[in-house]
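# the following comprises the amino acid sequence and a computationally predicted model.
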Amino acid sequence: MKALIPLLLGAWLTALFWPYAHAGGYLHPAILALTPLLLSTAELWPHWALRVLHWAMVLWGELALAWNVAAPWHLLGQVIGGGVRKLLELPIQDWNQLSAHLAAPLILAGGFLGWLLFRQCRGYRQAIALAVLGAFIIAVNHVFWQLPGNGPLAAYLLLSGAILAVFHNQRLAAGAYRLPRPKTHYVLWGVALAAPVAIGFQMPAQAATDPLGLFSGASVLARLSGGGTAITGYGAGVTNIGHSLTASRAPVFIAKTAKPEYWQAAIYTHFNGSSWSNTGPVSSYDAIPSNESSLLPLIAAPFAGSLMTETVHATIVDASSTPLTTLFYAGTPTKFSVEATVHPRSERFRAQGVSRYSLSALMPDYGATGLATTPFTSPPPGLAADLQIPANESPQVKKLALRVTRGTVGPWQAANAIKHYLDTHYRYSYHVTPASGNVVNHFLFVDRQGYCDQFSTTFIMMMRALKVPARWVVGYAPGTWDPTKHGYMVRAVDAHSWAEIWIKGQGWVPFDPTPGFHFTLNTVSPAGQRPIITPAGVLSHPTNTAKPPNLKPAAAPHIHHPGGPSGVTVTKQHRAKPKVALLVRLTVAAIVAAIILAGIGLARWKNRLPLEAKIWRQMQGHAHRKLGIRVPIAQSPRQWGKAWVRYFPEDAQEVWPMVLLMEAAFYRHKPLDARERETLHSLWMELKRSRRRGA
């Protein structure tokens, strides 16, 4: 039973560790979540050196699985330094947006430190303290970073009860037939149970999920979560935004590109308060594939003609059970490898069902200065449709937009101000309550929660209230890097919507107002540099945090919002090694040196002790490991012997002579002679050997 306690503690910590591993973006989250349990198996080794080797192998193996490559030692310092530096740059509430490659070694380090804490749990009080602490951490993670909380909390509390039951039985076996029941225990347990329940009642209900595929079809899930629930993914009804969603991780396609991209399907301009559509005459034409390269876009270029462009190439491979009928694309397409029907008004490309296609597209280099400094201007008459506001929209929407953007001088600044307001005042949730009228009114002033459709539509209506043309874009977020497929796996849960705003001199500029999502733009500054434009403004230099050097790209996001990209783009550049990485290396070296010096000092100190003192310390440690109890220094050898014989009566022949010799060493004036010391040492060695055979 005692050998199972470390495994039980490892499973306990695994329940606490599980939300971090499943937060998003990791290659093998199920295996990564088992890190504490795998670390706990090291306690089965008898020697500390074997345990340390076991821990190192587990951590190294988990990191290799997370990166899908055996990372060289010399890169660890740089990657960890980059992760720490990125955490310091991000606000605390945005830590869940850290790239999966950078976050993997950090959460593994956190799991290891957690295990070093949990393995010290030896009794009732420690177990209760860890139970309360763990429940609090899960609740905070769920509320603050929206990490999974329901299942982990239930598992954690159930395992807490099991561990307390084990310690209860141990104390009964040791003779403590009347366990103390201090009032603090009841208070702590009450807090551990009441706090998550109270937080849960304050949070909105969530739409039903079917992670194991136990239910057939969406109708069952809809009945479980209330009417109006749909499954995530691009398809019929995608323009209706007033219902809840159920997350589906069904694969849709694999995008083979140099870096993560947003995959556009169509744009819409007319909003009636509950759904999007396009008005006006409908036209289409067929685009025939050609082997010749072309720089002429298949649709009207949405960006200004004065902007520089670069051509990107991508290959889309169907990963679903049905062929693709919508051709998803990034940028402005100039060529498809398959025949497509082009709908210019919605910028949509249809096909007769394909399993694979490639495309070439133009990506504009926006002017960094122009984006940041272009003032509000009167839009051209041809963009009147992109200023339409439904008749049932509340005047409070315009008042709110004016208040939020007070002090801004142009559309880009206003867009950032509105995004910041939505980020800090509204929650991301797949569950929304039915709106009796206008969805934007309901989202802003009643429900105050929603997913990408509510955030993007509200953003567009607020921008239009400022006389800035804006339109709605629907498609898929970049997805998650899959090294086995050599591309980004896009799933139904990655279905997404965002906005485009019109800025004079730039044209239509993509902008993602949903919390946790960032549309990264290519920009050119006057000095010829290529900074990255983010919703926070203009960055003077690009950052490169999506992947460690010389490793496979994995810009998969580390965020909870399913399918939410971190917006971190791999930018090729040569730069000096960061000072933070050097600092981390020096710190690690200093810690290792301190541990070695401490070990040398401890060994020298132990060598100065007399033999009987060394054996007494070993007896105490052995009792702690074998009996699961601590024998304080103040207790006598006779008390130690009684406790040992109570558990192992067959050892009485060795225990009591050894106890008599220890008492003689401690209490008589004459020290032990050489023969007595040899006898004491022999008895102790025989006792340890018998315990090893008995174990």
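The structure has been received and is ready for your questions.

# in what helix or strand does K399 lie?
Element membership of K399 [criterion: DSSP states H and E] is helix 395-404.

# what does K485 show for phi and psi?
K485 has phi and psi values of phi -100, psi -10 when expressed as degrees, to the nearest 10.

# that one and A255 touch, don't they?
No: in terms of CB atoms under 8 Å, K485 does not count as a neighbour of A255; the distance is 9.6 Å. Placement of C-beta: from N, CA and C, glycine included.

# pick out whichever of the two has more residues nearby.
Between K485 and A255, counted using other CB atoms under 10 Å, the more crowded position is A255 (24 against 14).

# which one is the more buried one nearest to, not counting chain neighbours?
Distances taken as CB to CB, 6 or more residues apart in numbering put Y488 closest to A255, at 4.5 Å, once the chain neighbours are dropped.

# pretty sure that neighbour sits in a strand.
Yes: the assignment for Y488 by DSSP: H, G, I helix; E, B strand; the rest coil puts it in a strand.

# and it, bridged to which residues?
Each beta-bridge partner of Y488 is listed here: A255, W481, as defined by DSSP bridges.

# close enough to count as contact, it and D494?
No: using CB under 8 Å, Y488 makes no contact with D494, being 9.2 Å away.

# what touches both of the two?
P478, G479 (CB atoms under 8 Å, 6 or more residues apart in numbering).

# how many residues are close by the residue nearest to A255?
Here the number of neighbours of Y488 (other CB under 10 Å) works out to 28.

# and what of L402?
By other CB under 10 Å, the residues close to L402 number 13.

# re the thing from before, now do the contacts for the residue nearest to A255.
Here Y488 is in contact with I254, A255, K256, T257, P260, P478, G479, T480, W481, D482, A556 (criterion: CB under 8 Å, 6+ apart).

# so what's it scoring on pLDDT?
The model reports Y488 with a pLDDT of 93.

# next one: P344
91.

# next up, the contacts around the closest residue to it other than its chain neighbours.
Nearest in space to P344, with sequence neighbours left out and distances taken as CB to CB, 6+ apart, is I299 at 5.3 Å. The contact partners of I299, taken as CB under 8 Å, 6+ apart, are T332, P333, V342, P344, E347.

# am I right that the second one is in a strand?
Yes: under the criterion used here (three-state DSSP), P333 sits inside a strand.

# so H496, which state does it fall into?
For H496, the assignment made with three-state DSSP gives strand.

# mind showing which ranges of the stretch 251-400 of the chain have poor pLDDT?
When residues are selected by pLDDT under 70, those of the stretch 251-400 of the chain lie in 291-295.

# which residues in it form helices?
368-373, 395-404 (DSSP state H, counting those that start in this stretch).

# P469 is nearest to which of the ones you listed?
Of all the helices of the stretch 251-400 of the chain, the one in closest proximity to P469, counting by CB to CB, is helix 395-404 (14.4 Å).

# which residues are contacting that closest one?
Outside helix 395-404, the residues that reach it (CB under 8 Å, 6+ apart) are 417-418, 421, 440-441, 444-445, 458, 461-463, 465-466.

# from the chain's centroid, how far away is the helix or strand hosting V132?
In this assignment (DSSP H and E), V132 forms part of helix 124-144. Once both centres are worked out by CA atoms, centre = their mean, to the nearest Å, helix 124-144 turns out to sit 19 Å from its chain's centre.

# before we move on, the earlier item: so for L4, which of the helices of the stretch 251-400 of the chain sits nearest?
Comparing these by their distance to L4 (CB to CB), the top pick is helix 395-404, with 57.4 Å.

# just how off-centre is the closest one within its chain?
Computed by CA atoms, centre = their mean, the separation of helix 395-404 from the middle of its chain amounts to 34 Å.

# which among the contacts of Y488 gets closest to T514?
T514 has its nearest neighbour among the contacts of Y488 in P478, at 13.6 Å by CB to CB.

# what are the ranges of the strands in the stretch 401-550 of the chain?
Along the stretch 401-550 of the chain, the segments classed as strands by DSSP state E, counting those that start in this stretch run 427-428, 449-450, 470-476, 480-482, 487-491, 495-503, 507-511, 521-524, 532-534, 537-538.

# any chance of these in TSV, with distance to L683 too?
Formatted as TSV, the strands of the stretch 401-550 of the chain follow (distance: least, CB to CB, whole Å):
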stretch	distance to L683
strand 427-428	67
strand 449-450	70
strand 470-476	73
strand 480-482	61
strand 487-491	64
strand 495-503	72
strand 507-511	79
strand 521-524	77
strand 532-534	71
strand 537-538	75
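
# all strands of the stretch 101-250 of the chain, in order?
Taking DSSP E, counting those that start in this stretch to define them, one finds strands in the stretch 101-250 of the chain at 230-231, 245-246.

# if we can go back for a sec, of the contacts of helix 395-404, just the buried ones, PyMOL syntax please.
A single PyMOL command selects the buried members of these (16 or more other CB atoms under 10 Å):
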select buried, resi 417+418+421+440+441+444+458+461+462+463+465+466
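
# widest-spaced pair of the contacts of helix 395-404?
When CB to CB is used, the two most widely separated members of these are A417 and N441, lying 20.6 Å apart.

# so which of the contacts of helix 395-404 sit within helices?
The subset of the contacts of helix 395-404 located in helices under the criterion DSSP state H comprises A417, I418, Y421, V440, N441, T458, M461, M462, M463, A465.

# ok, those residues vs S274, which is closest?
Nearest to S274 out of these is V440 (CB to CB; 9.6 Å).
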